[in-house]
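Trainee: From the sequence below, what's the structure:
(chains A, B, C and D)
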Number of protein chains: 4
Amino acid sequence: MSHNSFGHLFRVTTFGESHGPAIGCVVDGCPPGIALTEADIQHDLDRRKPGQSRFTTQRREADEVKILSGVFPHPESGEQVTTGTSIGLLIENTDQRSKDYGDIKDKYRPGHADFAYDVKYGLRDYRGGGRSSARETAMRVAAGAIARKVVPGLVVRGAVVQIGPHRINRANWDWSIINDNPFFCPDAAMVDVFAAYLDGVRKSGSSIGAVIEVVAEGVPAGLGAPIYGKLDTDIAANLMSINAVKGVEIGDGFAAAELTGEQNADELRMGNDGRPLFLSNHAGGVVGGISTGQAVIARFAVKPTSSILTPRQTIDRAGHEADILTKGRHDPCVGLRAVPVGEAMVACAIADHYLRDRAQTGGVRHWPGA
Amino acid sequence: MSHNSFGHLFRVTTFGESHGPAIGCVVDGCPPGIALTEADIQHDLDRRKPGQSRFTTQRREADEVKILSGVFPHPESGEQVTTGTSIGLLIENTDQRSKDYGDIKDKYRPGHADFAYDVKYGLRDYRGGGRSSARETAMRVAAGAIARKVVPGLVVRGAVVQIGPHRINRANWDWSIINDNPFFCPDAAMVDVFAAYLDGVRKSGSSIGAVIEVVAEGVPAGLGAPIYGKLDTDIAANLMSINAVKGVEIGDGFAAAELTGEQNADELRMGNDGRPLFLSNHAGGVVGGISTGQAVIARFAVKPTSSILTPRQTIDRAGHEADILTKGRHDPCVGLRAVPVGEAMVACAIADHYLRDRAQTGGVRHWPGA
Amino acid sequence: MSHNSFGHLFRVTTFGESHGPAIGCVVDGCPPGIALTEADIQHDLDRRKPGQSRFTTQRREADEVKILSGVFPHPESGEQVTTGTSIGLLIENTDQRSKDYGDIKDKYRPGHADFAYDVKYGLRDYRGGGRSSARETAMRVAAGAIARKVVPGLVVRGAVVQIGPHRINRANWDWSIINDNPFFCPDAAMVDVFAAYLDGVRKSGSSIGAVIEVVAEGVPAGLGAPIYGKLDTDIAANLMSINAVKGVEIGDGFAAAELTGEQNADELRMGNDGRPLFLSNHAGGVVGGISTGQAVIARFAVKPTSSILTPRQTIDRAGHEADILTKGRHDPCVGLRAVPVGEAMVACAIADHYLRDRAQTGGVRHWPGA
Amino acid sequence: MSHNSFGHLFRVTTFGESHGPAIGCVVDGCPPGIALTEADIQHDLDRRKPGQSRFTTQRREADEVKILSGVFPHPESGEQVTTGTSIGLLIENTDQRSKDYGDIKDKYRPGHADFAYDVKYGLRDYRGGGRSSARETAMRVAAGAIARKVVPGLVVRGAVVQIGPHRINRANWDWSIINDNPFFCPDAAMVDVFAAYLDGVRKSGSSIGAVIEVVAEGVPAGLGAPIYGKLDTDIAANLMSINAVKGVEIGDGFAAAELTGEQNADELRMGNDGRPLFLSNHAGGVVGGISTGQAVIARFAVKPTSSILTPRQTIDRAGHEADILTKGRHDPCVGLRAVPVGEAMVACAIADHYLRDRAQTGGVRHWPGA
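Mentor: Sure, this is the predicted structure:
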């Protein structure tokens, strides 16, 4: 059991506060012989990095990751590969702007973890959110970059599908534009709508929620295990553990409540390649907790950040009533930067179950031809 | 790590197939000295038991639980209490109707775990769903009955808030009628609507999804831990692990995506009792993964059961295309019986975190007056 | 985390008290497709069963194991095999002799768990030792019978190498006589010595300690993982968890303290089969926590049972000083019946690491020819 | 499950190789509010540090530990205390002497982990032992320094009781001299004997084994849990996980095999303070896996290091036979520096069970007056 770890066989343990000297993580259980350099990880980190558009916090962190252990040149190829020992990763904090935290030091931002931490622990590192800062998610992205390499052929991509009242049109879905707009938006027609809407939110010092969808392709059939070792259980847990997430769906999610059994049935035919072919994917790639070989589809809802410029009623540490507003650098829509984080958490769950399945079944598929 | 366990300090491990000799579980970590009899557990089991109305499967199981270990008369009071050792529970299967399973033995019901089990394991106990049967949830309810006793003052209640297209009116919410109608419906005006609708579903041999809401009151502030030991993460995982669940929400859930920071803020005042008073509960009782002392609110969506009378296209074990329809006794809305299961899973998560919090902090609350 | 489980990927959870209705366990993580019947398990249980000679307790338990779940006829062969779901095992208690436990109910046997249980939990099931009874070890043996089948080619055997002051002569070691004498003694010349010595112990109402050696052959190289996932760490833990065990050794054990580096080196040559050949086995088959392919050798010391007929000074629950002696049916040398238990615990550790290794490395060995 | 973690509620995860940029660990689950500075940890690290006498390796590492997270000034006292979040610790490697590792790069030192790592993983960081280097134990000592602070009143001390054939005289035991000689030797009369003997070992380029005893005082009664959560099980596992350890004993250990039940009984009287008083401590402070309140006593045997100057027969990576000898800086008796490591591992086990006990029982003791 651990408060700061997730996964079982692909296991990630993180540490670090927003304004401490560094954040880091340990990735344990990674198979040996996988090519891994800092550049591999940095690529994903850069997608999460703040300060890349006017729609994210202006904090500027280099977010340069260092691999401290667990890699070595392969004896034959000379390529740097994982050794099978624990991989230590470190990112030094560089832009901890010296400021007066007097306002949030003793007062609790409504909707923020401030209150709960103080009640539980009796104290907290209040600088920049401390341990509850979204900064911690950098290590998830770093771990996810490794997870992606564990499962051969795995591709995990995410997109923002809703910001506030604005939903994308799924008919327009185009993965190729995802990284070309500041919203990870797959619908070209929505980019300007999101931009205009978020400009308004930002200028008013407010914030807004969002919904992100993550799609994993290349997931082998047979990952996950019945009852409490379900793949979708772990995806749900991993996504719900991201800061500010309040809802998670697999496949049709809440819409499944309105479906009949006939509508929900993902019918099966034999494909031309002699393998099973599903005619739909209401299940989101998981039935009975086990992957079917279809794309695994998950969505999660992110609430608006609680750091806003409009004063709200609150209390302080001493039990006095007060008002609070949060100055400083904040994300008007923290959901945007949650896209690479969501991808990473799904990738980690899949990598974990890939190893778990290999343990129990040897990874051998029994389906003829598979 | 375990495929058939959940929880850490209040840990539940289950076994058993639908048509095997028995199902059972082991509850580990329960504190000593808690009064516990079979009747305490039976009470909850009877709420989940099938065959109690025309809206659930007509399978008739006595579902009589036996406590095999972990209890003993208290040396002073003579009352039967937990001893702190592992509690073994057993329910013998009695109504395993002898029937021809030829149809589902080799064919895969679309939407069902049949296919995934065969792909992963190479075989499965197909009788009545085997391990993937909803029958397994009886042990969750049994464990939940114990969990409720672990946390002093805890009250966990659930209700069906949606069946197919029909949603309750929250303004009519009345807990007192929950157990007086076959739908665990809290809105008196909806009972007849649900009945008429489900009669139609049942008669057509179809099935339909549902949404259940679980509310936990009396949850102490301070349960849960940052990052990967969050209370809401574990509630989400526990609920997603229930058969047929496809979505989970905490507090406002997906609706939070449409809220601004101002709207989402649960403002704080000091109550007349000298304790913090929240003016709203968008968070569903959890911020930063830690309980605030407000009611913990979770919802989950249950898809329609895949056992229906209308033929669907599928394939068989040998890779031949075929049609399938499922005769036999089934739930037209498996979501109904998921209510006590959902309650149990939330109770287990809270009990687990109650013990986890006590380990790390001694259970001492630092807030003045708490 | 669990108080009543061991193993990670081959995970065993037990429950039950000596005089409750039954004892049982759940084996989780067993690969699918392994032939398994009750007879397979019963064979090992019968070796541990009490009442088979005058040198063990005269309690007579049938110890008939029932498999409650996790097996099913193979779809092609019809043979009963594991399905990959959790395996529930149950043994009903049948010879719970009704007796007056007045003497140990309130008084603490020196050297027994009585005192510690009462201090920790405030109560205990004192009948026959309750949860701390050696009866629980039956479930270890049952789980071990399954573990042996998980690793192809694994053979795990144990022997008593010392009873009180009497040590066997290792030059006489003969596995073939192990099951033909009541002491699991591999030295024919010692059988009569052990018999005469233990007759004396038994007649005087006393008890004596013993040392058991377990040898596992057919252990693949590469099982275990560095630092905290070492194979020998888990063997040590598994053996130390057996009732009354006070010491554990791997390979040369404590004798290694007297060796020089030269003496301790297990030199390597290439065998005629083109594989590495060790010239000695001081390491007991494990270096750096990882198996080498040599036989894994472990030893453990069992203290004398604390139930003896000579009165000892003690205190009672109320804090009064008293004398105590324990009548009833007891083992003069509980170490004898620990042999199959020790074998089972070593087998379980090896099965667990076999699955763990397969998860991380795919079970692929990199050594040429291996 | 983790290959590089130990403990459950006081959980330690380490990373790092001997010649990588740094070694580090994450300590998770530490209660909040405990005063902790780098100096607290450094004190223990300095006792383990190499190069302090001619009897340990001449590698000179500053071993300066940095706390990267999990501490913050207390809001009232201003003292730096733990916050309850994960504590990241880092030690940079500074004396990685550039050298030719050609000899051990491809050849396997008999008795060393070289062979097993290569077989399992297909490659290894061979520089200075890589992950299997004793350097990793620095992080255990660091974690142990925190563990000691978790349990109020806990004092854990260790001593070398045997080097090669030389055993101390227990009658001379004097804790006060432990840190005043380079052998952590408690017997003043043995210091010169050890020195002369080890000088001989060192000059001949050989190495020798040792036995270390660890005594923990101030351990509350009631720590540990029956069957698989035993305190002594975890102490045994923690000690066996230390590099080069081949045997572990609790209390009388292997000597208990020669005791009768009468001799082994730790009789009980009532002390003048109204609390239970044991008349002996054969059990080493643990019965039934639960602490009794007496001193917890453990011993472990350390084999000689496999890096010696006398050539031994071995094979290389390509399967050719060869001779090997290990030049460089090595410990003639690695057991010496294992003393603070053993203390740390025992302290960590006790801290873990202190938190586990608090979870299940609230830490409340039921014995009158306790």
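
Trainee: which residues sit in contact with the one residue in the stretch 201-350 of chain A that gets nearest to chain B?
Mentor: Residue nearest to chain B within the stretch 201-350 of chain A (C-beta to the nearest C-beta): A:Gly288, separated by 2.4 Å. Where C-beta positions appear, they are placed from N, C-alpha and C, glycine not excepted. Listed by C-beta atoms under 8 Å, 6 or more residues apart in numbering or on different chains, the contact set of A:Gly288 reads A:Gly224, A:Pro226, A:Lys230, B:His112, B:Ala113, B:Ala116, B:Tyr117, B:Ser132, B:Asn243.

Trainee: Mark which of these are part of strands, please.
Mentor: In strands, defined here by DSSP state E, there are no members of these.

Trainee: does chain C sit close to stretch A:31-43?
Mentor: Yes. Part of stretch A:31-43 sits near chain C under the criterion C-beta under 8 Å from any C-beta of the partner chain, namely A:Pro31, A:Pro32.

Trainee: you'd agree A:Pro31 is up against A:Gly84?
Mentor: Yes. Here A:Pro31 lies in contact with A:Gly84, judged by C-beta atoms under 8 Å, at a distance of 6.7 Å.

Trainee: Quick one: neighbours of the closest residue to A:Phe115 other than its chain neighbours, just the number.
Mentor: Spatially, and ignoring its direct neighbours in sequence, A:Phe115 is nearest to A:Tyr108 (4.0 Å; C-beta to C-beta, 6 or more residues apart in numbering or on different chains). Counted with other C-beta atoms under 10 Å in any protein chain shown, the neighbours of A:Tyr108 add up to 25.

Trainee: which residue does the stretch 201-350 of chain A bring closest to chain D?
Mentor: Counting by C-beta to the nearest C-beta, the stretch 201-350 of chain A gets nearest chain D through A:Arg317, at 7.2 Å.

Trainee: Would you list the phi and psi of the nearest residue to that residue once chain neighbours are set aside?
Mentor: Closest residue to A:Arg317 apart from its sequence neighbours, by C-beta to C-beta, 6+ apart: A:Asp106 at 4.5 Å. With angles defined as degrees, to the nearest 10, A:Asp106 sits at phi -110, psi -10.

Trainee: Lowest mean pLDDT among the helices and strands, pick that one out for chain A.
Mentor: Lowest mean confidence among the helices and strands of chain A (mean pLDDT, DSSP states H and E): helix A:102-106, at a mean of 81.

Trainee: List the neighbours of that one that are in contact with it.
Mentor: Counting by C-beta under 8 Å, 6+ apart, A:Asp114, A:Tyr126, A:Asp316, A:Arg317, A:Ala318, A:Ile324, A:Leu325, A:Thr326, A:Lys327 sit against helix A:102-106.

Trainee: Looking at those, which is nearest chain C?
Mentor: A:Asp114 (29.6 Å).

Trainee: Not counting sequence-adjacent ones, nearest residue to that closest one?
Mentor: A:Tyr108 (4.3 Å).

Trainee: Please report how far that neighbour lies from chain C.
Mentor: For A:Tyr108, the distance to chain C (C-beta to the nearest C-beta, to the nearest Å) stands at 32 Å.

Trainee: can you tell me which residues contact that residue?
Mentor: A:Asp114, A:Phe115, A:Asp118, A:Thr314, A:Ile315, A:Asp316, A:Arg317, A:Ile324, B:Leu268.

Trainee: Also A:Glu17?
Mentor: Applying C-beta under 8 Å, 6+ apart, the residues contacting A:Glu17 are A:Ile23, A:Asp125, A:Arg127, A:Gly128, A:Gly130, A:Arg131, A:Ser133, A:Arg135, D:Ser69, D:Gly70, D:Thr85.

Trainee: show me where pLDDT drops low in the stretch 251-370 of chain A?
Mentor: By pLDDT under 70, the weakly predicted segments of the stretch 251-370 of chain A are A:328-329, A:367-370.

Trainee: Now with 80, please.
Mentor: Within the stretch 251-370 of chain A, the segments meeting pLDDT under 80 span A:327-330, A:366-370.

Trainee: any chance you could map the strands in it?
Mentor: Per DSSP state E, counting those that start in this stretch, the stretch 251-370 of chain A carries strands over the ranges A:268-270, A:276-278, A:286-287, A:290-291, A:296-302, A:312-315, A:321-324.

Trainee: Quick check: closest non-adjacent residue to A:Asp46.
Mentor: Using C-beta to C-beta, 6+ apart, the closest residue to A:Asp46 is A:Asp63 (7.4 Å).

Trainee: okay but that neighbour is in contact with A:His43, surely?
Mentor: No. Checked against C-beta under 8 Å, the pair A:Asp63 and A:His43 is beyond contact range at 11.6 Å.

Trainee: who's more crowded, the two?
Mentor: Taking other C-beta under 10 Å, A:Asp63 and A:His43 do not tie; A:Asp63 has more neighbours (22 against 12).

Trainee: So that one: helix, strand or coil?
Mentor: What DSSP: H, G, I helix; E, B strand; the rest coil gives for A:Asp63 is coil.

Trainee: so who does it touch?
Mentor: Here A:Asp63 is in contact with A:Leu45, A:Asp46, A:Arg48, A:Lys49, A:Ile91, A:Ala138 (C-beta under 8 Å, 6+ apart).

Trainee: same thing with A:Gly209?
Mentor: A:163-164, A:301-304, A:333, A:335, B:256-259, B:264.

Trainee: And for the residue nearest to it when sequence neighbours are not counted, the neighbour number?
Mentor: Spatial nearest neighbour of A:Gly209, excluding adjacent residues (C-beta to C-beta, 6+ apart): B:Ala257 at 3.8 Å. Counted with other C-beta under 10 Å, residues neighbouring B:Ala257 total 27.

Trainee: is it true that B:Ala257 touches A:Ala210?
Mentor: Yes. B:Ala257 is within contact range of A:Ala210, at 5.6 Å (criterion: C-beta under 8 Å).
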